[in-house]
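> I would like the atomic coordinates for the input below:
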Amino acid sequence: MKQISHNDELKSKQTTSMFSIKIEEQPEEILKWLYIGTNLPVWPEFYSYILHDIKTFQAKSLLLMEYGNIIGHVLVYNENADILYFGFFGVINHDSNKILFLLNELKNYGEQKNFKKIIGPVNVPITIYGWGFMEKDSDANLYIGKPINPPIYPEMFLDNGFTVKTKEISLEGPVLNYGKKILSNFDNENYEVYNPKTWKEVINFKSIFFKLNANLPTESVITPGTENLYENYVSFIKEYGALFMITYLKYRLTNEIVGCFFCIPNPFRKDESGAYDSYMAFIILVDKKHQGKGLGGLLSLYSAKKAWENKIRYNSTPMESKAKRSISFTKKFGQKPKRAHLILEYMI
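Predicted coordinates:
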């Protein structure tokens, strides 16, 4: 074990004394510092979506100060009294002393406010900025919902009491041109797959969406308070995408909606004509009573077919690392693991 000399200890105390924390509660001020915690652009055209979620959660920023200058940032928010969520964690130049100070202040804040656990990073809105610290050796190209960071962040969190709650794998690759033949392989005579005809229909679908959302396994539920974020997500899809990115599954015998598939447009990539040509398969939901029939695969391939018809040529699909069957199915259609993100947890 490395011995710490008196001089090293003194130097550490002097370094720590340079830092302080300022708590910012004004949404417009918080907005100014989010860029520190992600390499995904915080563009003015995204401000309305970001501010919506910050205000919904009444989020605060813990700003790391050095000699009066802001050099680090972490967003904190909660849905209930048990769990403190954090996002947009970052310091300028990724200095280990600064990271450790801010990390400890995050833990202290959770303890002082009597939370039972801390979970993150979960950036808001997740439709744009995603969740997790990116693992080493992941692809680091700009993509919707894929935060980028050097490996020092997850390494330091794991060395200081955090554990892995969830590991998300991003399977990515070209969208293939699927015809009707491959879709006909599914026994789906009792089911109808279709896209909504209006955005009003999508908004009216909200209660059904959350009923289906209850079918997700616990480890797949990451974002809190989604019932208050639904319209914000839909607005983003409407602005940068189209109705074909939302797919419904109807059970013909009862006329019920029993599944859905939401995709998120990627505004960070365009084709030669200047049109957006990629997206993220964001969430797929099938009612438990209708699972085990290959309907998730049907929704996926139908969505890919519609995407190709609308000139989408690249896809990224985040999956919980334990979802072995879904990962295996996705790999069969040319998608490969390109990056991984860790959502971490700290028990107080």
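> which element is Ser328 on?
helix 324-331 (DSSP states H and E).
> and that helix, how far from the chain's centre?
20 Å (Cα atoms, centre = their mean, to the nearest Å).
> which neighbouring elements make contact with that helix?
Using 3 or more Cβ pairs under 8 Å, 6 or more residues apart in numbering; DSSP states H and E as the contact test, the elements touching helix 324-331 are strand 163-174, helix 295-309, strand 314-320. All C-beta atoms are positioned from the backbone trio N, CA, C, and that covers glycine.
> residues in contact with the shortest one?
For strand 314-320, the external contacting residues (Cβ atoms under 8 Å, 6 or more residues apart in numbering) are 130, 143-146, 166-175, 217, 219-220, 266, 269, 277-282, 304, 307, 326-327, 330, 335, 338, 341.
> assumed Asn97 was part of a helix.
Yes. Counting by DSSP: H, G, I helix; E, B strand; the rest coil, Asn97 falls inside a helix.
> before we move on, back to that, quick one, which of the helices and strands packed on helix 324-331 gets closest to Phe210.
Evaluated over these, closeness to Phe210 peaks at helix 295-309, with 17.9 Å, by Cβ to Cβ.
> and that closest one, what's buried?
Going by neighbour count (16 or more other Cβ atoms under 10 Å), the buried part of helix 295-309 is 295-308.
> before we move on, what about stretch 325-332?
The neighbour-count check on stretch 325-332 (16+ other Cβ under 10 Å) flags 326-327, 329-330 as buried.
> out of the residues you listed, who's nearest Gly161?
Nearest to Gly161, judged by Cβ to Cβ, of these is Ile327 at 29.6 Å.
> next, count neighbours for the nearest residue to the closest one once chain neighbours are set aside.
Of all residues beyond its chain neighbours, the one nearest Ile327 is Met319 (5.5 Å), with distances taken as Cβ to Cβ, 6 or more residues apart in numbering. Met319 has 21 neighbours, counted by other Cβ atoms under 10 Å.
> now do Glu111
Glu111 has 13 neighbours, counted by other Cβ under 10 Å.
> quick one: it is in a helix?
Yes. Using three-state DSSP, the assignment for Glu111 is a helix.
> buried stuff in stretch 238-246?
For stretch 238-246, by 16+ other Cβ under 10 Å, it's 238, 240-246.
> next: stretch 21-36.
21, 24, 27, 30-31, 33-34, 36.
> name the residues that touch that stretch?
With contact meaning Cβ under 8 Å, 6+ apart, stretch 21-36 is reached by 41-42, 47, 50-51, 54-55, 59-65, 70, 72-73, 75, 88, 90-92, 102, 105.
> stretch 326-338 now?
138-139, 169-174, 176, 296-297, 300-301, 304, 315-317, 319, 321.
> check stretch 263-281 too.
Identification of contacts with stretch 263-281 by Cβ under 8 Å, 6+ apart yields 40-41, 127, 142-145, 233, 236-237, 240-241, 245-246, 261, 282, 300, 303, 307, 311-318.
> now the nearest residue to Val91 once chain neighbours are set aside: how far from His341?
Excluding its sequence neighbours, the residue lying closest to Val91 (Cβ to Cβ, 6+ apart) is Gly72, at 3.6 Å. According to Cβ to Cβ, to the nearest Å, Gly72 and His341 sit 20 Å apart.
> of these two, which one has the most company?
Neighbour count, other Cβ under 10 Å: between Gly72 and His341, Gly72 has more, with 27 against 24.
> contact partners for that one?
36, 63-64, 90-92, 98-99, 101-102.
> quick check: phi and psi on the nearest residue to Thr38 once chain neighbours are set aside?
Sequence neighbours aside, Pro147 is the residue nearest to Thr38 in space, at 4.9 Å (criterion: Cβ to Cβ, 6+ apart). Main-chain dihedrals, Pro147, degrees, to the nearest 10: phi -60, psi 150.
> point out where the stretch 201-348 of the chain drops to low pLDDT.
Residues of the stretch 201-348 of the chain meeting the criterion pLDDT under 70: 215-222.
> now with 90, please.
Across the stretch 201-348 of the chain, the ranges flagged by pLDDT under 90 are 210-228, 291-298, 301, 320-334.
> quick revisit: got TSV for the buried residues of helix 295-309, with distance to Val202 too?
Output for the buried residues of helix 295-309, formatted as TSV (distance: Cβ to Cβ, whole Å):
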residue	distance to Val202
Leu295	20
Gly296	20
Gly297	23
Leu298	20
Leu299	16
Ser300	19
Leu301	21
Tyr302	17
Ser303	15
Ala304	20
Lys305	20
Lys306	15
Ala307	17
Trp308	22
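> of the residues you listed, closest to Gly161?
Sorting these by how near they are to Gly161, with Cβ to Cβ, puts Gly296 at the top with 36.4 Å.
> list the contacts of the closest one.
For Gly296, the contacting residues are 259, 284, 286, 326, 329, by Cβ under 8 Å, 6+ apart.
> now with 7 Å?
Neighbour list for Gly296: 284, 286 [criterion: Cβ atoms under 7 Å, 6 or more residues apart in numbering].
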